[in-house]
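Trainee: Provide a 3D model corresponding to the input given below.
(one chain, ligands or ions: 2)
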Amino acid sequence: MNNNRKIPLLEIKNLHATINGNKILNGVNLSIFPGQIHAIMGTNGSGKSTLSKIIVGHPSYTLTEGEILFMGQNICELEPDARSHIGLFLAFQYPVEIAGVGNEDFLRLAYNAKQTYFNLPVIDPLDFHMIMQEKLEMIKMDPSFLQRNLNEGFSGGEKKRNEILQFALLDSILGILDETDSGLDIDALKSISETINQLMLNKEKSIILITHYKRLLEYIKPDFIHVMQDGIIVKTGNADLANILEEQGYEWLKQLAE
Ligand code: ADP
Ligand code: MG
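Mentor: Ligands and ions are numbered 1, 2, ... in the order given. Have a look, this model is predicted:
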């Protein structure tokens, strides 16, 4: 953990957002410094996914007030792909459902889109294959996985692992993992947590883990836990907060939101 730096990696100030005219976020404040792991917890419908989508620029949501700074730059006007190229990653993003697209081809397209954005050369399939081998080894993923079609018949664990592979490959600086633990059995959860912990050995990177359950946070230790309720963060604490939430639920926090 490193919180000595003056500029947060991500700084969210008084963020308000709507979808179809419905107010969903009501003044979110959040600062994340390089190397930190933040967890966001909260009941269904409290606005966690909305927050993650608005950070990466999902077009369905309207930002009505406040701002989002990434490495000091206001990114509110940036297109989603530009946000991705400068280092924001949301696990499970848009192009993933193109039928008949091989996983490796998809990853190469994503990788080359970033190369092009930074005026770097496009990588041909052979060279890309070499880059992939290195990443696969790092995240302990079976290479046969690359030859399959994207998302076709992937198990829950494989889908999640594939998202982590994208995070590693794109070398994103801030990863937002929205319910990475949902639908995973205990072995898959452990194994994916180990991979995430390994990626986090790079102290420049930060992650936001969105989760309902304390289980994931037993494997990946957050520096901070935030609880969302009705579109704002009502409570922030350290890793111990997960135990309190597990024992007492979210009800006692209701009054804090009012
Ligand atoms: P969480 O991820 O914490 O479960 P969400 O961010 O998905 O919560 O949803 C927050 C609130 O926004 C919920 O009340 C949900 O019904 C509402 N919401 C999300 N998407 C839409 C939508 N497309 N249209 C209307 N309301 C929506
Ligand atoms: Mg959600």
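
Trainee: What ranges in the stretch 51-200 of the chain fall below the confidence cut-off?
Mentor: 92-99, 151 (pLDDT under 70).

Trainee: Spit out the contact partners of whichever residue of it sits closest to ligand 1.
Mentor: Closest to ligand 1 within the stretch 51-200 of the chain is residue 60: 6.1 Å, counting by Cβ to the nearest ligand atom. Any C-beta I mention is one placed from the backbone N, CA and C, and that applies to glycine too. Listed by Cβ atoms under 8 Å, 6 or more residues apart in numbering, the contact set of residue 60 reads 19, 53.

Trainee: who in the chain is up against ligand 2?
Mentor: 48, 49 (Cβ under 5 Å from the ion).

Trainee: Report the central residue of the chain.
Mentor: Centroid-nearest residue in the chain: residue 176, 1.2 Å away (criterion: Cα atoms, centre = their mean).

Trainee: which ones are touching it?
Mentor: 52, 55, 56, 88, 89, 90, 91, 207, 208, 210.

Trainee: And the residue of this structure that's closest to ligand 2?
Mentor: Evaluated by Cβ to the ion, the chain has residue 49 as its residue closest to ligand 2, separated by 3.1 Å.

Trainee: That residue touches residue 210, doesn't it?
Mentor: Yes - counting by Cβ atoms under 8 Å, residue 49 does reach residue 210; the two are 7.1 Å apart.

Trainee: Quick check: neighbours shared by those two?
Mentor: Contact criterion Cβ under 8 Å, 6+ apart; residues shared by residue 49 and residue 210: residue 178.

Trainee: Could you check which of the two is surrounded by more residues?
Mentor: residue 210 (24 against 18; other Cβ atoms under 10 Å).

Trainee: can you give me phi and psi for the more buried one?
Mentor: phi -100, psi 120 (degrees, to the nearest 10).

Trainee: Who are the contact partners of the residue of the stretch 101-250 of the chain found nearest ligand 1?
Mentor: Closest approach between the stretch 101-250 of the chain and ligand 1, counting by Cβ to the nearest ligand atom: residue 228, at 6.3 Å. Contacts for residue 228 were tallied using Cβ under 8 Å, 6+ apart; they are 28, 40, 41, 42, 46, 47, 48, 51, 234.

Trainee: count of residues packed around the residue lying closest to it once chain neighbours are set aside?
Mentor: Among residues not flanking residue 228 along the chain, residue 42 sits closest, at 3.6 Å (Cβ to Cβ, 6 or more residues apart in numbering). Using other Cβ under 10 Å, residue 42 has 25 neighbouring residues.

Trainee: And for the one 5 residues further on?
Mentor: Using other Cβ under 10 Å, residue 47 has 23 neighbouring residues.

Trainee: Equivalent analysis for the one 4 residues further on, please.
Mentor: A total of 29 residues lie near residue 51 under the criterion other Cβ under 10 Å.

Trainee: Restrict the helix or strand where the residue of the chain closest to ligand 2 lies to CA atoms and write it as CSV.
Mentor: Assessed by DSSP states H and E, residue 49 sits inside helix 48-56. Extracted in CSV, the C-alpha atoms of helix 48-56 (Å, rounded to 0.1, in the frame of the first residue of the first chain):
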residue,chain,number,x,y,z
LYS,A,48,-22.3,-0.3,-7.1
SER,A,49,-22.4,-1.4,-10.7
THR,A,50,-23.7,2.0,-11.8
LEU,A,51,-20.6,3.6,-10.2
SER,A,52,-18.3,1.2,-12.0
LYS,A,53,-20.0,1.7,-15.3
ILE,A,54,-20.0,5.5,-15.0
ILE,A,55,-16.2,5.5,-14.2
VAL,A,56,-15.5,3.7,-17.5
